[in-house]
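Trainee: No sequence on hand, only this structure:
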Ligand code: AOF
Ligand code: ZN
């Protein structure tokens, strides 16, 4: 199952909104096939694992076990049901890590296997699997995307100077990691001030990966059309309370003020967004924290950068999942994360 989970993660950045899934076929304690879900819309892990088995080993499948990181599907989606494939090959046993919370599956995959007389074990390395697919599980159970906060702060606790100048905390290596992180999420969000003062492109330049959907919050519609965010190069959504015309790659969605962020997350989920990275600024980060709308935070800090004064970094409650990277001292950790 560890190998299957390892294979699953190879799909990172390419399979969303589907989960990452890996599968390993074992006969007499030997791996005779393995595969993973490589790209959204393409074959599932089980199909690729079965396809990887050599012709001479195919007759062994009825005496083989298959380890799958997610309950085999039972529905006709973009691909036919994997449970049927496993029944067709008459596997001796199916070992499953996580049950599929997708209401189209939700136990039916297991039932189909058991009805066909196949032995099934479930919840094997369950917590590891929940971690691998934390975005998928959060989205499926709460109907909202997984929220990752990411920001850089100085050693004395500021995210920017008073004039919103914030460029002097990260370094080229940490910036590369940030671009990798962007490529792994479905969407990227900034607030009004960050859009205005940083004029970020919010694309993936320092890493080979896909650009996330760009999302900007502009409650009173004061952002300038000439910003890089509005250059039509990548799909962009602007959430605002005041309705305006729609343009290509740009949707203005009026939202009720009090529950603005919650409404936005629900709307993003309805657009197929399962995860979002929030890159600032401090106002929007604090709002996500105050409203308890975040799941994880990755804070970059610098031992050398100190502003003395400026815009204060948000305070994060201890009990949540927070990772801190000091850009000068944690180079090895960053290299490892870039692998
Ligand atoms: C599996 N194996 O490798 C994956 C599964 O539209 P489809 O056909 O790709 O189906 C997507 C759904 O299938 C997805 O939401 C999840 O419930 C399940 N994913 N199932 O048996 C896989 N990726
Ligand atoms: Zn499937």
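Mentor: Right, received. Where do you want to start? This one's a predicted model, so the numbers in the text were calculated from it and none came from an experiment. Residues are numbered from 1 along each chain as shown. Ligands and ions are numbered 1, 2, ... in the order given.

Trainee: residues touching the residue in the stretch 51-200 of the chain that ligand 1 sits nearest to, list them.
Mentor: Nearest residue of the stretch 51-200 of the chain to ligand 1, counting by CB to the nearest ligand atom: residue 77, 2.6 Å away. Yep, even glycine has a C-beta here, placed from its N, CA and C like the rest. By CB atoms under 8 Å, 6 or more residues apart in numbering, the residues touching residue 77 are residue 104.

Trainee: Just the element for it, please.
Mentor: Using DSSP states H and E, residue 77 is not contained in any helix or strand.

Trainee: Can you tell me how far it is from residue 20?
Mentor: Distance, residue 77 to residue 20, using CB to CB, to the nearest Å: 16 Å.

Trainee: Low-confidence regions, the stretch 1-150 of the chain specifically.
Mentor: The model of the stretch 1-150 of the chain has no residue with pLDDT under 70.

Trainee: Surely residue 148 is within a strand?
Mentor: Yes. Under DSSP: H, G, I helix; E, B strand; the rest coil, residue 148 sits within a strand.

Trainee: What is the neighbour count of it?
Mentor: Other residues within reach of residue 148, judged by other CB atoms under 10 Å, total 24.

Trainee: repeat for residue 83
Mentor: Residue 83 is flanked by 26 other residues according to other CB under 10 Å.

Trainee: roughly how far apart are it and residue 100?
Mentor: 10 Å.

Trainee: Would you point out which residue of the stretch 201-339 of the chain is nearest ligand 1?
Mentor: With CB to the nearest ligand atom, the shortest gap between the stretch 201-339 of the chain and ligand 1 falls at residue 274, namely 9.9 Å.

Trainee: returning to what we had before: so what sits against both of residue 83 and residue 100?
Mentor: Shared contacts of residue 83 and residue 100, defined by CB under 8 Å, 6+ apart, comprise 73, 109.

Trainee: for the chain, what spans make up the helices?
Mentor: Counting by DSSP state H, the chain has helices at residues 2-8, 45-51, 82-88, 108-115, 126-132, 134-142, 172-184, 192-198, 260-270, 282-290, 331-337.

Trainee: Stretch 13-24 close to ligand 2?
Mentor: No. Stretch 13-24 does not reach ligand 2 (CB under 5 Å from the ion); its nearest approach is 7.6 Å.

Trainee: and that stretch, how far from the chain's centre?
Mentor: Centroid displacement of stretch 13-24 relative to its chain, using CA atoms, centre = their mean, to the nearest Å, is 11 Å.

Trainee: now do the same end-to-end measure for that stretch.
Mentor: Taking CA to CA, to the nearest Å, stretch 13-24 runs 21 Å from one end to the other.

Trainee: Okay, buried residues for that stretch please.
Mentor: 13, 14, 15, 16, 17, 18, 19, 20, 21, 22, 23, 24 (16 or more other CB atoms under 10 Å).

Trainee: Likewise for stretch 197-212?
Mentor: By neighbour count on 16+ other CB under 10 Å, the buried set for stretch 197-212 is 198, 200, 202, 203, 204, 206, 207, 209, 210, 211, 212.
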